[in-house]
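Engineer: give me a 3D structure for the following:
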Amino acid sequence: MKIFKKITSIFSVVALSAVFAAAQTNLTSIDGRTVDIEGQNGKVVILAIGASWLQLSDKQAEYTNALAKKYAGKNVVVYFVATDSTNGKSKNYATNDTLQKFATENKLSVPVLRDSEGSATFKKFAIDQVPSFVVLDKQGNRSGNIFGGIDPKFDITVPISKQVDKLL
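Structural biologist: A predicted model of the protein is given here:
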């Protein structure tokens with residue numbers, strides 16, 4: 001009987017682990033829509049993960065727009081994921097209005113999604129810095145390496161495009 005209980009416990013843990021591993025990553029856009037970034041119906045997804053307060057955010061927005069323009073009309077969707085905090089006491093706090101202003105000033109042509117302090121994306125996709133870019137394949141799995149950091153002298157859209165092109 002003890003062996004049966006142990007086996008049952010092990011199966012329960014395995015089943016719960018599978019449920020959590022398969023859990024969707026839903027983020028909310030600054031206009032209130034819920035977006036499942038891993039469930040994009042067979043599309044390649046490019047996530048520009050950043051924050052409005054970063055010094056290189058304008059350059060990341062420029063690269064994000066370039067990628068969105070390059071893949072417009074193709075089986076690719078691009079999002080800017082803002083990791084600005086939703087906690088009013090945080091030094092990195094930003095309201096949706098602040099993020100909308102950031103998007104407008106940087107002429108972001110893609111939806112802006114909220115991920116307060118990276119709580120949904122950092123661990124899920126093994127991100128250790130912002131700004132970063134992540135490419136998801138048509139099944140919603142991370143594809144290749146994280147493109148982390150931005151060097152204004154290097155066009156990061158080139159290696160990102162190579163990764164996306166492999167998936168199309």
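Engineer: all strands of the chain, in order?
Structural biologist: Here the chain has its strands, by DSSP state E, at 26-29, 34-36, 44-50, 76-82, 112-114, 132-136, 147-148.
Engineer: adding mean pLDDT, write those out as a markdown table.
Structural biologist: Below are these laid out as a markdown table (pLDDT from 0 to 100):
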| stretch | mean pLDDT |
| --- | --- |
| strand 26-29 | 97 |
| strand 34-36 | 97 |
| strand 44-50 | 98 |
| strand 76-82 | 98 |
| strand 112-114 | 98 |
| strand 132-136 | 98 |
| strand 147-148 | 94 |
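Engineer: with distance to Leu99 added, can I get those strands in a markdown table?
Structural biologist: C-beta: built from backbone N, CA, C; applies to glycine. Below are the strands of the chain laid out as a markdown table (distance: least, CB to CB, whole Å):
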| stretch | distance to Leu99 |
| --- | --- |
| strand 26-29 | 10 |
| strand 34-36 | 15 |
| strand 44-50 | 11 |
| strand 76-82 | 5 |
| strand 112-114 | 6 |
| strand 132-136 | 18 |
| strand 147-148 | 21 |
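Engineer: residues in contact with the most centrally placed residue in the chain?
Structural biologist: In the chain, the C-alpha nearest the mean C-alpha coordinate belongs to Leu47, at 4.1 Å (CA atoms, centre = their mean). The neighbours of Leu47, taking CB atoms under 8 Å, 6 or more residues apart in numbering as the test, are 37, 78-79, 81, 121, 125, 133-136.
Engineer: now it: closest residue in space that isn't a chain neighbour?
Structural biologist: Distance criterion CB to CB, 6 or more residues apart in numbering; nearest residue to Leu47, sequence neighbours excluded, is Val134 at 4.4 Å.
Engineer: number of nearby residues for that neighbour?
Structural biologist: 26 (other CB atoms under 10 Å).
Engineer: what's next to stretch 79-98, contact-wise?
Structural biologist: 27, 30, 35, 37, 45-53, 60-61, 64, 99, 102-103, 108, 110-118, 121-122, 130.
Engineer: try 7 Å
Structural biologist: When contacts are defined by CB atoms under 7 Å, 6 or more residues apart in numbering, stretch 79-98 is touched by residues 27, 30, 37, 47-53, 64, 99, 108, 110-118, 121, 130.
Engineer: stretch 131-147 too?
Structural biologist: So stretch 131-147 is contacted by 38-40, 42-50, 54, 56-57, 60, 125-127, 148, 150, 156, 159-160, 163-164, 167 (CB under 7 Å, 6+ apart).
Engineer: need the pLDDT of Ala21.
Structural biologist: For Ala21, the model assigns a pLDDT of 40.
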